[in-house]
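J.: this one's sequence-less:
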């Protein structure tokens, strides 16, 4: 490992070499695999790819805490699901109510305010909330090796986008400070908003109506809508990322080289170990079956990463809280 | 006018000075109006702001030519509006059928193919089509003074976005070569697409269903959805841009300086002269009334611009066709 190693948290081996090789040959002038800078687009899932999604995705903790804060105004929640389970701290049972119940929880906590108000709510929550098992702020339950991949790609002229099933406006509150990904490079699920003038002052009001659910086959759709160009590199961790992995790496008609990687959660000691059996979120089953056929690299967290989480709290995060 | 004049096609005067002043003070470290680079977002309407929208928007010419190409397969179009008028070359009568008729024309010509196929269709059309009065390709019926504004902003660390009622995927075919605006900085109206595998090859299929109409109050909504940050500069030319001008310049809670400009079509000799009376598209009425109240600058095409269209065909355009 040299002083100029772009990926110091990755152990030497096939995975690390493959990342460095792809990035180097696509960004080196004169290489037969050279890709012009404007086409060097890399997309990253967020939950389970850039930060921890266990025992439930971070946004579920946000929903839970917001429900508790709002509960005094809603005594009826003590008697009705999925609110009842959430308030009792049983997030898994609440999540098991399925999409309809989840949507109700999400809308109750994410709509009915302006976009500016929502940012303040999320920011205040992130400043205080901590991961229950990892005992650190959620914004530090992020993967140091993946931060290095993001930085390496950008240093070589790539534009790095997040393409996540999580809420776009939720992620945008922290993605720039934490990942170096500005708001317009954050794509995610959205609810509808509308413009209105309140006493002459413009606001965008968040409505309890889904605009787009950015998961599975929705990911290539949103990549096309927001980026307008096929990525040449895609990083995911679950079946939710399967279609964008396919869109990035299969049957390209532009003859560009491409790269697909799956973060495989194999490290029960330092993080969590899960793949096929984890059905509530983060399930990796079909994409795991297809990885070899499509040449998707498996990043084995246990063996490929010498560090999982950042050890030092970075200044950007301190100044935020 | 010095050799380093960033806006040589603008006559000396209040408008030119105001643009240079705003860009300089927001991008000069130590200035009390300094804005960090990531927040230097500028948004531009396209039709009538960056290129000519008269006698009808360019995309209407595209629709017209596509209908003619497809007409042999649809003999029924000779008897039914709005197809009948369009095929007879009477675009204005066809447009007067209103939104429903327009939607039918747009969907017939914009849906039913893959996203890749649509790009090829638009590219082939742009390479041959010419503006009927200006006698030049549409991609050269663009405003040289506005190209200079785009380049000046980018040279000073701004990110320039197009936010247009026109089709996002239509504009993306030429915006990078012609304006230097890459696909992911082009926001516009969209139709729905869906992902599918055809013999193992992924495609995005364009459906005859409107996804989002990016005009008027829709523009702040899409700015929030795609950019996730309020612009500090906004350039438009019609009432379709009124809400995004307001969103950029009125009642900001972040104390950022802001800038709004309206391209006023006052030059019947070199281009077209229109504002309040032009109701089919490009009407400038309410926003003209409000310009003084909100401090929006009027760029008077006749008096502020010493050149309207680029004189030299640039290499990027030649290589495309």
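T.: Yep, it's here. Since the model is a prediction, treat every value here as computed from it, not as a measurement. Residues are numbered from 1 along each chain as shown, chains lettered A, B, ... in the order given.

J.: and residue A:60, that's in a helix?
T.: Yes. Counting by DSSP: H, G, I helix; E, B strand; the rest coil, residue A:60 is part of a helix.

J.: for the closest residue in space to it that isn't next to it in sequence, give its distance to residue A:56.
T.: In space, residue A:60 comes closest to residue A:91 once its chain neighbours are excluded; the distance is 5.6 Å by Cβ to Cβ, 6 or more residues apart in numbering or on different chains. Every C-beta, even on glycine, is put in place using the N, C-alpha and C of the backbone. According to Cβ to Cβ, to the nearest Å, residue A:91 and residue A:56 sit 5 Å apart.

J.: which stretches of chain A form strands?
T.: With DSSP state E as the criterion, chain A has strands at A:41-44, A:159-167, A:186-198, A:201-212, A:233-236, A:259-266, A:273-274, A:297-300.

J.: mind checking which of those strands is nearest residue B:232?
T.: Set against residue B:232 and scored by Cβ to Cβ, the strands of chain A come closest in strand A:201-212, at 14.6 Å.

J.: what about the helices in the stretch 201-321 of chain A?
T.: Per DSSP state H, counting those that start in this stretch, the stretch 201-321 of chain A carries helices over the ranges A:218-222, A:242-249, A:286-294, A:301-304, A:315-320.

J.: which residues does the first one contact?
T.: Looking back up the chat, that one is helix A:218-222. For helix A:218-222, the external contacting residues (Cβ atoms under 8 Å, 6 or more residues apart in numbering or on different chains) are A:163, A:187, A:212, A:214, A:240-241, A:243-244, A:246-247, B:193-195, B:202, B:204.

J.: with stretch A:204-213 instead?
T.: With contacts defined as Cβ under 8 Å, 6+ apart, stretch A:204-213 is touched by A:103, A:107-108, A:110-115, A:118, A:165, A:169, A:189-196, A:218, A:222, B:220-221, B:224-225.

J.: ok so, going back, got the strands of chain A as CSV, with mean neighbour count and mean pLDDT columns?
T.: Below are the strands of chain A laid out as CSV (neighbours: other Cβ atoms under 10 Å in any protein chain shown; pLDDT from 0 to 100):
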stretch, mean neighbour count, mean pLDDT
strand A:41-44, 26, 98
strand A:159-167, 24, 97
strand A:186-198, 19, 98
strand A:201-212, 17, 97
strand A:233-236, 28, 98
strand A:259-266, 24, 98
strand A:273-274, 18, 97
strand A:297-300, 20, 98
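
J.: okay, now the unreliable bits of chain A?
T.: Residue ranges of chain A with pLDDT under 70: A:1-3, A:312-321.

J.: how about the residues of it that lie near chain B?
T.: Counting by Cβ under 8 Å from any Cβ of the partner chain, the residues of chain A close to chain B are A:38, A:41, A:115-116, A:159, A:161, A:168-169, A:172, A:176, A:182-184, A:186, A:190, A:193-195, A:197, A:200-202, A:204, A:211, A:217-218, A:220-221, A:224-229, A:243, A:246-247, A:250-251, A:253.

J.: try 7 Å this time
T.: A:38, A:115-116, A:172, A:176, A:182-184, A:186, A:190, A:193-195, A:200-202, A:204, A:217, A:220-221, A:224-229, A:243, A:246-247, A:250-251, A:253 (Cβ under 7 Å from any Cβ of the partner chain).
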